[in-house]
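Student: Provided below are the primary sequence and the corresponding predicted coordinates.
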Amino acid sequence: MTKAGAIVYIDGINFYRRALEKSPYKWLDLGLMCSLILRNYQVEKIVYFTANIKSPPHDQTQAQRQQIYLRALSTLPNLELVLGTFRSETVKMPFHPWQYDLQGNPKTVKVWRFKEKGSDVNLATHLLVDAFERNYEFQFVLTADSDLVAPINAVKNHLQRPIGIILPTERNSKQLKQIADPYVFHVRKGVLANSQFPTELSDAIGSFSKPKTW
């Protein structure tokens, strides 16, 4: 029996924060992971949306580790990388719990705020164009970001195309689950554990290895 063709759009930063940041599974083969989750589909393409991060002073190799991982992803023949931008800025934020000065005004502290820009728009644009052009039988979005409900709804109800959600953890997102029903999947720890790249990889440039620390 021929499997239906599918494309997977991965909201990279959201996926990392929800499923990978505190896990030992960061050296993740996204192609293998998607094939394990979508066993009844032929995953024809994966589009990975992220941004080049900047290393903080306390972790000078963070950006370097990300580049090594992106290099690993580039060995997957059916994966396309789409980059947004990563911005850092200082802002004043109120204390938690609230504290007040003698005049009754909330006390604030200056903090670093890191923001990824562009990935949501990039993902939504690719999603809608592929749906409009009917490039794939099925489309799946890996995210827990409810901001993407609108373009997913447009694909399903306005363009009348089959679309599903892969949630980054075993927890449900009510809005996303409802809009993508019945095509709802989860990234489980067992799948992450079984979808790791080999420690040593090679590409056209040469050999490289999984970072020793993360």
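Tutor: Done, it's in.

Student: out of all of them, which helix in this protein is the longest?
Tutor: The longest helix of the chain (DSSP state H) is helix 119-133.

Student: So which bits of it are buried?
Tutor: Buried residues in helix 119-133, counted by 16 or more other C-beta atoms under 10 Å: Ser119, Asp120, Asn122, Leu123, Ala124, His126, Leu127, Leu128, Asp130, Ala131. For every residue, glycine as well, the C-beta is placed using N, CA and C.

Student: can you give me the helices in this protein?
Tutor: For the chain, the helices defined by DSSP H cover 12-15, 30-37, 62-73, 119-133, 149-153, 174-180, 189-193.

Student: Among those, show me which one is buried the most.
Tutor: Mean neighbour count, computed with mean count of other C-beta atoms under 10 Å, is highest for helix 12-15 among these, reaching a mean of 24.

Student: low-confidence ranges in this structure?
Tutor: In the predicted model, the chain carries pLDDT under 70 at residues 87-88, 112-114, 118.

Student: quick one: contacts for the closest residue to Leu76 other than its chain neighbours?
Tutor: Closest residue in space to Leu76, ignoring its immediate chain neighbours: Gly31 at 4.6 Å, by C-beta to C-beta, 6 or more residues apart in numbering. With contact set as C-beta atoms under 8 Å, 6 or more residues apart in numbering, Gly31 has these partners: Val43, Ile46, Leu76, Asn78, Leu79.

Student: make it 10 Å
Tutor: Shown in contact with Gly31 (C-beta atoms under 10 Å, 6 or more residues apart in numbering): Val8, Val43, Ile46, Leu73, Thr75, Leu76, Pro77, Asn78, Leu79, Ser195, Phe197.

Student: what's the answer for Lys92, then?
Tutor: Applying C-beta under 10 Å, 6+ apart, we find Lys92 in contact with Pro106, Lys107, Thr108, Val109, Lys110, Val111.

Student: From the contacts of Gly31, pick the one nearest Ser146.
Tutor: Val8 (18.8 Å; C-beta to C-beta).

Student: beta partners of the closest one?
Tutor: Going by DSSP bridges, Val8 is paired in beta bridges with Ile46, Phe140.

Student: burial measure for it, as a count.
Tutor: 28 (other C-beta atoms under 10 Å).
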